[in-house]
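*Asks:* I'd like to go over a predicted model; first the sequence, then the structure.
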Amino acid sequence: MNYMVGGDVDVVVIGAGQAGLSAAYHLRRGGLVPDRDFVVLDHAPRPGGAWQFRWPSLTYGRVHGMHALPGMELAGADDSRPSSEVIGEYFARYEERFGLRVHRPVDVTTVREAGDGRLVVESSEGTYTTRALVNATGTWDRPFWPYYPGQETFRGRQLHTADYPGPARFAGRRVVVVGGGASGTQHLMEIAEVAAETTWVTRREPVWREGPFGEAEGRAAVALVEERVRRGLPPQSVVGVTGLPLNDAIRRARERGVLDRLPMFDRITPAGVVWDAGSALAGRTVDADVILWATGFRPAVDHLAPLRLREPGGGIRLDGTRVVRDERVHLVGYGPSASTIGANRAGRSAARDIARLLDRAGYGGQVPDRAPAAHRGQDRDLQPAAV
């Protein structure tokens, strides 16, 4: 594959997951920016975004709310195959079909001011200068590990959702699963089939959602996340505000006692976890061979630190996808757009705003009145992203 390495471009897109590919599609197919004037950098070894790192037991049929990329449906997928394979192959076909020549593997280390109105993007393949930036780096590279006293003394194994290998590795083990989200419940139900003992621990009681999740519910969930971002607070996941769907598998697990939840322990010992005096389970101990932290992820935006985009509240304030402190920078797949349908919308919005920015600066770019026909009507599905 031949492409430019380093140099001056109009737009740099960092990340080739759902959000990055959506932005690239709209930049190119919408005619907003000439193809030669933008570049997509992705640190992953192959197409698929974060999906390529999902555990093998997460089959495509178990994925919750996967929405097609703009302009190309994912049709005829085998529900029994690992989602990492199905979606990875789909993303690869998408890149090829629309000529999105993604540079990979490329690590972006720093984005800083050039001093002349442009940005400098320093990467493992070279240095780019750019007039606008789409940051679509997601969260998978920043797993959140909470700290509890004694954590470093634990003699067993500790791992995070990002390292989850599937249930077979837990056969005959005593496992504590920490976390009340979709990943935590999926891990727990799988592991309970093979483990000697499982214990589920969460900070708060999960909210179980029954019935359909339609457009109105989706918009309300996204609005809650969007409000935090507008206030400059760290974003909350879309899944975190929708609750967990109460499906047949969940009902069976609850009937078997697998999803009997305990409040968070107070400390970790070499042999397990303990609830201290003053807690609801004062004096209780649970011995464990493994502690699995299904405690979520944080946005991977450390490379943007030199631009000083954070607000006092700790988050990055956005107007749509545009960073309020720097109109050259757009975040897609961040906060309210951290779902597959949200990422599609965000990619389109970022591309249109960037075209206007370049047009004002005299670099060309044409803003169409309507979205391309290939993806009109795709905004109806507001299901949150899986995992």
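*Replies:* Structure received.

*Asks:* count of neighbours near His43?
*Replies:* Residues contacting His43 under the criterion other C-beta atoms under 10 Å number 18. Where C-beta positions appear, they are placed from N, C-alpha and C, glycine not excepted.

*Asks:* low-confidence stretches in the stretch 101-250 of the chain?
*Replies:* Applying pLDDT under 70 to the stretch 101-250 of the chain flags residues 211-222, 237-241.

*Asks:* what residues of the helix ranked longest in the chain count as buried?
*Replies:* Longest among the helix segments of the chain by residue count, using DSSP state H, is helix 340-360. Neighbour-count burial for helix 340-360, counted by 16 or more other C-beta atoms under 10 Å, picks out 340-355, 357-358.

*Asks:* now do that helix: distance to the chain's middle.
*Replies:* 19 Å (C-alpha atoms, centre = their mean, to the nearest Å).

*Asks:* quick one: mean pLDDT for it?
*Replies:* If you average the pLDDT over helix 340-360, you get 87.

*Asks:* how about stretch 82-97?
*Replies:* On average, stretch 82-97 scores 95.

*Asks:* just stretch 26-36 next, same as before
*Replies:* Summarised as a single mean, pLDDT over stretch 26-36 is 69.

*Asks:* thinking again about what came up before, the longest helix of the chain packs against which elements?
*Replies:* helix 18-29, strand 126-135, strand 326-331 (3 or more C-beta pairs under 8 Å, 6 or more residues apart in numbering; DSSP states H and E).

*Asks:* that one vs strand 326-331, what angle?
*Replies:* Angle of helix 340-360 versus strand 326-331, following axes from the mean of the first three to the mean of the last three C-alpha atoms, to 10 degrees, is 160 degrees.

*Asks:* tilt between helix 340-360 and helix 18-29?
*Replies:* Using the same axes, to 10 degrees, helix 340-360 lies at 40 degrees relative to helix 18-29.

*Asks:* picking that back up, quick one: which of the helices and strands packed on helix 340-360 is nearest Ile250?
*Replies:* helix 18-29 (25.7 Å; C-beta to C-beta).

*Asks:* so how far is that closest one off the chain centroid?
*Replies:* Relative to its chain's centre, helix 18-29 lies at 16 Å (C-alpha atoms, centre = their mean).

*Asks:* which residue is the nearest non-sequential neighbour of Leu159?
*Replies:* Nearest non-adjacent residue to Leu159, counting by C-beta to C-beta, 6 or more residues apart in numbering: Leu292, 5.9 Å away.

*Asks:* confirm that the one you found sits in a strand.
*Replies:* Yes - counting by DSSP: H, G, I helix; E, B strand; the rest coil, Leu292 is located in a strand.

*Asks:* so who does Thr130 touch?
*Replies:* 8-12, 118-119, 121 (C-beta atoms under 8 Å, 6 or more residues apart in numbering).

*Asks:* now do Arg360
*Replies:* By C-beta under 8 Å, 6+ apart, Arg360 has no neighbours at all.

*Asks:* give me the beta-bridge partners of the nearest residue to Tyr148 once chain neighbours are set aside?
*Replies:* Distances taken as C-beta to C-beta, 6+ apart place Ile268 nearest to Tyr148, at 5.3 Å, with adjacent residues excluded. Beta-bridge pairing of Ile268 under DSSP bridges involves Val273.

*Asks:* now for Ile268, how many residues are close by?
*Replies:* 22.

*Asks:* might one say that it is in contact with Thr153?
*Replies:* Yes - because the distance of 6.9 Å satisfies C-beta atoms under 8 Å, Ile268 is recorded as touching Thr153.

*Asks:* out of the helices and strands packed on helix 340-360, flag the one nearest Leu58.
*Replies:* Closest among these, using C-beta to C-beta: helix 18-29, at 16.1 Å.

*Asks:* and the next helix or strand past that closest one?
*Replies:* Counting by DSSP states H and E, the next helix or strand C-terminal to helix 18-29 is strand 38-41.

*Asks:* name the strands paired with that next one and say parallel or antiparallel.
*Replies:* Strand 38-41 has these strand partners (DSSP bridges): strand 7-14 (parallel), strand 102-103 (parallel).

*Asks:* residues making contact with that strand?
*Replies:* Strand 38-41 is contacted from outside by 3-4, 9-16, 20-21, 24, 27-28, 100-104, 106, 108, 121, 123, 125, 128, using C-beta under 8 Å, 6+ apart.

*Asks:* one step back: which of the helices and strands packed on helix 340-360 sits most buried?
*Replies:* helix 18-29 (a mean of 28; mean count of other C-beta atoms under 10 Å).

*Asks:* quick one, it and strand 126-135 angle?
*Replies:* Using the same axes, to 10 degrees: helix 18-29 against strand 126-135 is 100 degrees.

*Asks:* send the alpha carbons of helix 18-29 over as PDB?
*Replies:* Provided in PDB are the C-alpha atoms of helix 18-29 (Å, rounded to 0.1, in the frame of the first residue of the first chain):
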ATOM      1  CA  GLN A  18     -16.500   3.000  14.300                       C
ATOM      2  CA  ALA A  19     -16.100   6.700  15.000                       C
ATOM      3  CA  GLY A  20     -12.900   7.200  13.000                       C
ATOM      4  CA  LEU A  21     -14.200   5.300  10.000                       C
ATOM      5  CA  SER A  22     -17.400   7.200  10.000                       C
ATOM      6  CA  ALA A  23     -15.600  10.500  10.100                       C
ATOM      7  CA  ALA A  24     -13.300   9.400   7.200                       C
ATOM      8  CA  TYR A  25     -16.300   8.200   5.200                       C
ATOM      9  CA  HIS A  26     -18.000  11.600   5.500                       C
ATOM     10  CA  LEU A  27     -14.800  13.500   4.800                       C
ATOM     11  CA  ARG A  28     -14.300  11.500   1.600                       C
ATOM     12  CA  ARG A  29     -17.700  10.500   0.300                       C
END
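
*Asks:* that helix packs against which elements?
*Replies:* strand 7-14, strand 38-41, helix 83-97, helix 340-360.

*Asks:* tell me what angle the longest helix of the chain forms with helix 83-97.
*Replies:* Using the same axes, to 10 degrees, the inter-axis angle of helix 340-360 relative to helix 83-97 is 30 degrees.
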